[in-house]
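*Asks:* here is the input, now give the coordinates:
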Amino acid sequence: MHDDASQVRQRVARVVRERVVPAVYRDRRPLTVQAWTVPGEPVAFAEARAQPYTPFPVGSAWGCPWQTVWFHLTGTLPSAWDESELVVDLGFGAGQPGFQAEGLVYSASGTVLSGIAPLRRQVPLTGHPGAAIDVYVEAAANPNVAGAWDFAPTPLGDRATAGDHPLYRLAAADVALLDRPVWELIADIRALNGLVGTLPADLPRRAAVLRALDRAVEVLDPDDVSGTASAARAELAVALASPASPSAHRVHAVGHAHIDSAWLWPVRETVRKVARTFANVVALMERDDTLVFAASSAQQYAWLQEHQPELFTRVAKQVATGRFVPVGGMWVEADTNMPGGEALARQFVAGKRYFLEQFGVDCAEVWLPDSFGYSAALPQIMAAAGARWFLTQKTSWNDTNTMPHHTFAWEGIDGTRIFTHFPPVDTYGAELSGAELARAERRFAEKGWATRSLVPFGWGDGGGGPTREMLAAAARTRSLEGSPTVRITTPAAFFAAAEEEYLQPPVWSGELYLEFHRGTYTSQARTKRGNRRIEHLLREAELWATTAAVRNGFPYPYDLLEACWRTVLLQQFHDILPGTSIAWVHRQAEREYARVAAELEDVVDTALRALTGDGPLDLHANAGPLPVDGTPALSVAAAGPRAPLPTVEEKDDGVVLDNGAVRVVVDGRGLLTSVHDVVAERELLVPDAPANLLQLFRDTPTQWDAWDVDARDRRIGRDLVETVALTVEPGPAVRVVRSTGPSTITQRVSLRASDPVVDILTEVDWHDRQKLLKLAFPLDVHADRATSEIQFGHVHRPTHANTSWDAARFETCAHRWVHVGEPGYGVAVANDATYGHDITRTTRPGGGTTTTVRLSLLRAPLFPDPHADQGGHRFAVALHAGATIGDAIAEGYRLNVPPRRIRGAREVAPLIAVSDPAVVVEAVKLAEDRSGDVVVRLYESRGSRATALVTAGFPHRAVVETDLLERPLPEPVCLGPDGALAVRPFRIVTLRFSRS
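*Replies:* I've put the predicted structure just below:
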């Protein structure tokens, strides 16, 4: 026989498209429509219902960008209709849900019924024939910011520039009679036609399914689809009943809806996306008991609890059945590269506490499918929060290398291992199509060792969740010859089974670096500065409020601190802190950071005044974990005598600054041509390669503008060596002014009184577009690797590009410092607001090697925010000569949490003292349960074993080791009977002191 497979599939597709899908409703009747346009931001149902509504003909335009319109739909259920549905088309385009108009349907009494979106336009109706239909639709005119995903600049991301022309036309508002056999026929055909597309051409099974499909469309009468649908289904029954092979790949399907807490829409819209999605899920669960749905992000549940309490109650009932599953245990699905250690820990503290308190659920799995790479500190943090398992799929986006595993043990910097799974389906929003299931089976890297993978299914990014069509697909592929088997389960059920069958999985050690989206370490610099500043203000506020509460009975501001933390944790969502959201999101983030900063400054000021009293003493309040200028860690001490100021000398070849520890030459271009370590008698810089060199590069990534920087653009740039002005100022300091043309850059170069540190303050009035500004330090150091601070420790990365993995890691993330060195000598570069770095090593023509440290200061991408980073910025950088890792750590803290100069009547001894400087105190706070117990979080910071005595400067009844949630560990791990801590490299320890 000749091969007619292509013709059969084309014929089936056309019949379904032109005949079957249009016949899914046997009858439709229009409803009466009235509308009210909300004049400002969204309002609650009760307020909307009370407004005056006016007639609104179907076909009329509605909704300028970001506007809300309420539609009131009324009518009557026709007699003799057995399966009626409300069908609403808000004017949807062809795109997926979540990126255009959306709606939420309410009953007349205010009960949330379901969401409305492009691929979910129907809401099942109940009631006897002749019953009244009376519903309200809250319609959101969300613009399609993404457009055609061509990354073109758009004004739509800011309400001030989005315009006031209507975006949509109401296309339909009907009551319709669902033809169940026709709907089931569509599901049958999609399952089998999808299967055919994945099977080899010479397989008998493929031929058998094709013939069944061919017979089905022959039996189907195009003029009477409703009357012949059951006969067509009968022709497919045998093909659908043929069971899967015993060796078929096993898919654990988990309903899911990835809801970005902000991205191409503002936070306020995410609040409504959560309601729409969760309403969809609950309504679907009430009609189909096979659905299991997993949702992460405690913040989203909290929004629902605040704004839709009745719907929250319905969700809670489904959580109690085990079918609606809170996962992740985090406040949001955060970025994990840039949040500080304590902030990343608090993601779990806040998230898991919420789930425990509201639902009694303690999440065992961490769920981060879409964050842009994963810190090597994360395994220990997850384990310390009580998690056992980790799921992501984002590294499937790598642009150079393919991850070798889908199921493995991920090992962090301290040696902690977490059982980890990457779904080989390579999406977190599957439809359970034949192509997706075949892809999961084909790509699964553990064949022969393991048999199963997880597939999250449901519309996502902008929410939506599973549909009845997806559940129909799951039912048909539960055991279908030629397909993986599909079983709808919970994530925990998958992980337990996967762990049981794969007892010795391979190990991946270190960070899960995403070879993509490397520009996220730099985009939206004000958002990043706000994050860094608030993280350290929270440290100060908790420390001084705790100290004052213990010593003076100061009222600890539990509610305020919790609210501040929740704001910061929300802003660390993986599209806010990385700088990849619309303008509306980032302007709001900046306002939130300013508000929280003011509140925390007030806490710090009030607590310090309670501790020190009013008086004339000049005091230094050091909230850092290490001594600074004679002030002990975590204490308030009298300021010592001022050290002599550095000397300054103007010469023909430049300005010489000297403090006895380091001597610096700033030439006429404002560049550092010499940094001489006086103590080590060593020059840091390379001949003819000045430091403090600002470089401007082209920044036009191939795609994903705010997300990506391309390696090729590093070859196209220029050094900014021309000066507008160079002056010597009191301090002493050298002030240098430069211009890029559109932008003005002012730098201040100075030395401290006696430390081998060069301080460089850079202020930029930035108006360049599609440019990347870097600050370079070429150093005469032979460094095989660079050491970069991450949460609760540091990682080493090679400075060479021996392998494709090394070459792909051309832009990296570091926190407060990086360190490069050779045996016996090192240099640290610390910062107060920068995350993006690149560190490379080259060989000089005359011999010797140069290790260049560059900080990525600013970008100016045009999508999704066409005005990203425009305006004023400030960056502080410190170059520390002759630095050890310990010096780098100290410099990072000093730059980010400098001692405060205050006046008072008395000094304040530290609440906690640690005998070994390698063991760093990261947080001092009162316990989350508000018992008044003191909680101290510490970590080993240098990558070596350490023993330290921790001394409490207050009466206490007992001290115990706890997990991050402050629950006592079954047995002490680090705390000895003598009160000493014995810690392995990078170990995190949480101690709880019960106060007497």
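
*Asks:* so residue 864 touches residue 265, yeah?
*Replies:* No: applying CB atoms under 8 Å as the test, residue 864 and residue 265 come out as separate, 10.3 Å apart. C-betas here are computed from N, CA, C, even on glycine.

*Asks:* give me the common contacts of the two.
*Replies:* 145, 582 (CB atoms under 8 Å, 6 or more residues apart in numbering).

*Asks:* what stretches of the stretch 1-150 of the chain score poorly on pLDDT?
*Replies:* 1 (pLDDT under 70).

*Asks:* now swap in the chain and tell me
*Replies:* In the chain, residues with pLDDT under 70: 1, 996.

*Asks:* and the residue nearest the centre of it?
*Replies:* By CA atoms, centre = their mean, the chain has its centre lying nearest to residue 574, at 2.0 Å.

*Asks:* can you pull out the helices in the stretch 751-900 of the chain?
*Replies:* In the stretch 751-900 of the chain, the segments counted as helices under DSSP state H, counting those that start in this stretch are 804-808, 885-896.

*Asks:* would you mark the buried spots in the last one?
*Replies:* Of all the residues in helix 885-896, those buried under the rule 16 or more other CB atoms under 10 Å are 885, 887-896.

*Asks:* which residues of the stretch 701-850 of the chain fall in strands?
*Replies:* 717-720, 725-729, 733-739, 744-751, 757-766, 771-779, 785-790, 793-798, 812-813, 817-822, 825-831, 836-843, 849-858 (DSSP state E, counting those that start in this stretch).

*Asks:* was I right to think residue 891 contacts residue 883?
*Replies:* Yes: the pair residue 891 and residue 883 passes the contact test of CB under 8 Å, sitting 7.1 Å apart.

*Asks:* common neighbours of these two, please.
*Replies:* Each of residue 828 lies in contact with both residue 891 and residue 883 under the rule CB under 8 Å, 6+ apart.

*Asks:* about what we covered before: out of the strands of the stretch 701-850 of the chain, nearest to residue 237?
*Replies:* Residue 237 lies closest to strand 812-813 among the strands of the stretch 701-850 of the chain, at 55.3 Å (CB to CB).

*Asks:* quick one: contacts of that closest one?
*Replies:* 337-338, 373, 513, 521, 788, 790, 797, 835-839.

*Asks:* just to revisit the earlier point, quick one: the residue nearest to the centre of the chain and residue 335 touch, right?
*Replies:* Yes: using CB under 8 Å, residue 574 and residue 335 qualify as a contacting pair, with a distance of 4.5 Å.

*Asks:* coming back round to it: how about the strands of the stretch 701-850 of the chain, which one is nearest residue 942?
*Replies:* Comparing these by CB to CB, strand 793-798 comes nearest, at 8.5 Å.

*Asks:* what packs against the strand or helix carrying residue 344?
*Replies:* In the assignment (DSSP states H and E), residue 344 maps to helix 341-359. Packed against helix 341-359, as judged by 3 or more CB pairs under 8 Å, 6 or more residues apart in numbering; DSSP states H and E, are the following elements: helix 298-307, helix 309-321, helix 378-384, helix 525-552, helix 558-571, strand 919-926, strand 934-940.

*Asks:* what comes up buried for stretch 112-132?
*Replies:* Burial within stretch 112-132, assessed by neighbour count using 16+ other CB under 10 Å, is assigned to 112-118, 120-125.

*Asks:* which one of those residues is nearest residue 431?
*Replies:* When the buried residues of stretch 112-132 are ranked by distance to residue 431 (CB to CB), residue 120 comes first, at 12.6 Å.

*Asks:* let me know the closest of the buried residues of stretch 112-132 to residue 607.
*Replies:* Among the buried residues of stretch 112-132, residue 112 lies closest to residue 607 (CB to CB), at 43.6 Å.

*Asks:* gap between the closest one and residue 106?
*Replies:* Here residue 112 is placed at a distance of 6 Å from residue 106 (CB to CB, to the nearest Å).

*Asks:* can you check residue 229 too?
*Replies:* In this view, residue 229 and residue 106 are 33 Å apart by CB to CB.

*Asks:* related to what we said a few turns ago, would you turn the helices and strands packed on helix 341-359 into a markdown table with distance to residue 815?
*Replies:* Formatted as a markdown table, the helices and strands packed on helix 341-359 follow (distance: least, CB to CB, whole Å):
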| stretch | distance to residue 815 |
| --- | --- |
| helix 298-307 | 24 |
| helix 309-321 | 36 |
| helix 378-384 | 14 |
| helix 525-552 | 8 |
| helix 558-571 | 15 |
| strand 919-926 | 12 |
| strand 934-940 | 13 |
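
*Asks:* could I get these as a markdown table with mean neighbour count and distance to residue 206?
*Replies:* Below are these laid out as a markdown table (neighbours: other CB atoms under 10 Å; distance: least, CB to CB, whole Å):
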| stretch | mean neighbour count | distance to residue 206 |
| --- | --- | --- |
| helix 298-307 | 21 | 43 |
| helix 309-321 | 16 | 40 |
| helix 378-384 | 24 | 44 |
| helix 525-552 | 23 | 52 |
| helix 558-571 | 19 | 50 |
| strand 919-926 | 22 | 59 |
| strand 934-940 | 23 | 57 |
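
*Asks:* of all the ones you listed, which lies closest to residue 154?
*Replies:* For these, the distance to residue 154 is smallest for helix 525-552, at 19.5 Å, taking CB to CB.

*Asks:* what's the offset of the closest one from the middle of its chain?
*Replies:* Per CA atoms, centre = their mean, to the nearest Å, the displacement of helix 525-552 from the mean C-alpha position of its chain is 22 Å.
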